[in-house]
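1. Need a 3D model of the sequence below.
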Amino acid sequence: MLNFITWTADPALFQVGTIEVRWYGLAFAVGFYIGDLIAVQMWKKEKLNREWIYPLFWYTILGTVLGARLGHCLFYQPSLLTDPLAFINIRGGGLASHGGVLGIIIAIYFFSRKYTHKSMLWTFDRLVVPTGLVAALIRLGNLMNHEIYGHATDVPWAFKFIQNIYSWKQGQEPIFSPPSHPTQIYEAACYMLTFVLCMWLYFKKDAYKREGFIFGIFMICIFASRFFIEYLKNVQEDFEVGMILKMGQLLSLPFILAGVYFVWRALKKQPQQYESKRNSK
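-> Model prediction:
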């Protein structure tokens, strides 16, 4: 029986000169690439306008990255907002998933107005289908970065992470955390299950015909799992010490309630019948 796992993975996949290509960045790229492949199959299933796919892809990427960075600055480190160079420097981390969601919401508002001329919920019901996979891969990227892990524990699958990861990369001796909950793996597993559920709802149950249903299920699963796993995490910033609910939990609650509302709303209405001919124009 293992007492703990000493995690010494290098955050960098490879390095060219002073430029590192990290597992985290690769996880982002692979997630969006697979998500794009899934979107193509969804568009084929519904005979939708294929010219919508790539604008949706880029709107989502920009909304995710800009929203996640701005969210981190607003919710966790407001001081970064006064320093433009620090704001754009994300090499040391600093992307908040709640901010990423808000960024996507704003991006989809503009995307829907310019391209589909349909409701935002129509887009979200399709966009969230591959999103759980992207989120799971990003959490595995956090694992490779030795970040966002849990508090000390004696469970046999506990991980000892390198705390001085950047100094260690420069040749110093590693300083390990005590055996801790690998909460990145917990979240990745929950997000992957959410991905499988959304895929099943879309491709097997045609749940996209109940507008807002898949989106609501996604919001409940993603943010409820985030809410409960936060109890096992270390605080992200000093101001969270002593708080009854951490910032991540407070930010998750509105998304959970919104998810419940959209599921309830979708179940009250009759399934919509989409006209393939109209959608393929």
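2. what helices or strands is the helix or strand where residue 257 lies leaning on?
-> Assigned by DSSP states H and E, residue 257 belongs to helix 247-268. Helices and strands touching helix 247-268, by 3 or more Cβ pairs under 8 Å, 6 or more residues apart in numbering; DSSP states H and E, are helix 97-111, helix 213-229. Bear in mind the C-beta positions are built from the backbone N, C-alpha and C, glycine included.
3. Any stretches of the stretch 151-281 of the chain with poor pLDDT?
-> Applying pLDDT under 70 to the stretch 151-281 of the chain flags the ranges 237, 273-281.
4. same thing but at 80, please
-> Within the stretch 151-281 of the chain, the stretches with pLDDT under 80 are 236-242, 270-281.
5. could you list every residue that touches residue 21?
-> Taking Cβ atoms under 8 Å, 6 or more residues apart in numbering, we find residue 21 in contact with 12, 13, 14, 15.
6. One more pass at 6 Å, please.
-> 13, 14 (Cβ atoms under 6 Å, 6 or more residues apart in numbering).
7. and it, which of the three is it?
-> strand (DSSP: H, G, I helix; E, B strand; the rest coil).
8. neighbours around the residue nearest to residue 150 when sequence neighbours are not counted, how many?
-> Leaving aside its chain neighbours, residue 150 sits nearest to residue 181 (2.8 Å; criterion: Cβ to Cβ, 6 or more residues apart in numbering). Residue 181 has 21 neighbours, counted by other Cβ atoms under 10 Å.
9. Distance check, residue 181 against residue 156.
-> According to Cβ to Cβ, to the nearest Å, residue 181 stands 12 Å off from residue 156.
10. same deal with residue 241?
-> 28 Å.
11. got the contact list for the helix holding residue 257?
-> Here helix 247-268 has contacts from 75, 98, 210, 212-213, 215-216, 219-220, 223-224, 226-227, 230, 240, using Cβ under 6 Å, 6+ apart.
12. now that helix against helix 97-111, angle please.
-> 40 degrees (axes from the mean of the first three to the mean of the last three Cα atoms, to 10 degrees).
13. C-alpha coordinates for helix 247-268, CSV please?
-> Output of helix 247-268 as CSV, limited to C-alpha atoms (Å, rounded to 0.1, in the frame of the first residue of the first chain):
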residue,chain,number,x,y,z
MET,A,247,-13.8,32.4,-3.1
GLY,A,248,-14.1,29.5,-5.5
GLN,A,249,-17.2,28.2,-3.6
LEU,A,250,-18.8,31.7,-3.4
LEU,A,251,-18.3,32.1,-7.2
SER,A,252,-19.7,28.6,-7.9
LEU,A,253,-23.0,29.1,-6.1
PRO,A,254,-24.6,31.4,-8.7
PHE,A,255,-23.6,29.0,-11.5
ILE,A,256,-25.2,26.1,-9.7
LEU,A,257,-28.4,28.0,-9.1
ALA,A,258,-28.5,29.1,-12.7
GLY,A,259,-28.0,25.5,-13.8
VAL,A,260,-31.0,24.3,-11.6
TYR,A,261,-33.1,27.1,-13.1
PHE,A,262,-32.3,26.2,-16.7
VAL,A,263,-33.0,22.5,-16.2
TRP,A,264,-36.3,23.3,-14.5
ARG,A,265,-37.2,25.8,-17.3
ALA,A,266,-36.3,23.2,-20.0
LEU,A,267,-38.4,20.5,-18.5
LYS,A,268,-41.4,22.7,-18.3
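14. Tell me the buried residues in that helix?
-> Judged by neighbour count (16 or more other Cβ atoms under 10 Å), helix 247-268 contains these buried residues: 247-252, 255-256, 258-259, 262-263, 266.
15. I'd like these written out as JSON lines, with distance to residue 61 added.
-> Converted to JSON lines, the buried residues of helix 247-268 look like this (distance: Cβ to Cβ, whole Å):
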{"residue": "247", "distance to residue 61": "25"}
{"residue": "248", "distance to residue 61": "23"}
{"residue": "249", "distance to residue 61": "27"}
{"residue": "250", "distance to residue 61": "27"}
{"residue": "251", "distance to residue 61": "22"}
{"residue": "252", "distance to residue 61": "23"}
{"residue": "255", "distance to residue 61": "21"}
{"residue": "256", "distance to residue 61": "25"}
{"residue": "258", "distance to residue 61": "23"}
{"residue": "259", "distance to residue 61": "23"}
{"residue": "262", "distance to residue 61": "24"}
{"residue": "263", "distance to residue 61": "27"}
{"residue": "266", "distance to residue 61": "27"}
